[in-house]
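Student: show me the folded form of this:
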Amino acid sequence: MEIRIRRAELRDETFIVSLAARFAETRPDWRTDEEVAGGTARVLREALRSPSTDAAIFIAEHGEKPSGFVFIVMENDFFTGEPHGHISEIAVADDGRGIGRALMDAAENWARQRGSRYISLNVNLRNERGLRFYESLGYAIEWNHLAKPLA
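Tutor: Presented below is the predicted three-dimensional model:
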């Protein structure tokens, strides 16, 4: 079955938000499921309801059914100030069907069309499957982001 990629619309909100819980599956121990899933859902709702020319949400459809999404934003490089694409969130309903790869291709093309020299993303190191997937696409760890909860 063919995978079709299209821009997200308001009618996709329920589907997109339904995948927010996936981000809590590999959350740091000091964050709660509600904090991660709820925060992710909030950011995605805001992006969908208030579109920006510097961001895009793409939906993957497998047949007629939505099967995943990617949310990409333009950010400025800390060192050079140049804009680049940053994949903020990506999730699929069914792993292993090529949906994630199709979404990553769409995000990379979107960034390339905006003159991005590179694209970035964050992945929790506990998300070993995600890390292997990104590495298979040519992504490499640039920095480790550390956090410490304060009492």
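
Student: which residue ranges of the chain form strands?
Tutor: Under the criterion DSSP state E, strands of the chain are mapped to 3-7, 55-62, 65-76, 83-92, 119-121.

Student: closest to Asp29 out of the ones you listed?
Tutor: strand 83-92 (21.0 Å; CB to CB). Just so you know, the C-beta spots here come from the backbone N, C-alpha and C atoms, and that holds for glycine as well.

Student: run the angle between the closest one and strand 55-62 for me.
Tutor: 30 degrees (axes from the mean of the first three to the mean of the last three CA atoms, to 10 degrees).

Student: show me what strand 83-92 is packed against.
Tutor: helix 33-49, strand 65-76, helix 99-113, strand 119-121 (3 or more CB pairs under 8 Å, 6 or more residues apart in numbering; DSSP states H and E).

Student: again, 7 Å this time
Tutor: If contacts are counted by 3 or more CB pairs under 7 Å, 6 or more residues apart in numbering; DSSP states H and E, strand 83-92 sits against strand 65-76, helix 99-113, strand 119-121.

Student: now the ones you listed as TSV including distance to Ala56, mean pLDDT and mean neighbour count?
Tutor: Shown next, in TSV, are those (distance: least, CB to CB, whole Å; pLDDT from 0 to 100; neighbours: other CB atoms under 10 Å):
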stretch	distance to Ala56	mean pLDDT	mean neighbour count
strand 65-76	6	97	21
helix 99-113	5	97	19
strand 119-121	13	97	17
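
Student: on that earlier part again, so which of the strands of the chain comes closest to Ala20?
Tutor: Of all these, it is strand 83-92 that lies closest to Ala20, at 7.7 Å by CB to CB.

Student: quick check: angle from the closest one to strand 65-76?
Tutor: Using the same axes, to 10 degrees: strand 83-92 against strand 65-76 is 160 degrees.

Student: pLDDT averaged over strand 83-92, what's the number?
Tutor: Mean pLDDT, computed over strand 83-92, is 97.

Student: need the contact partners of it.
Tutor: 19, 22, 40, 44, 67-77, 99-100, 103, 107, 110-111, 114, 116-121 (CB atoms under 7 Å, 6 or more residues apart in numbering).
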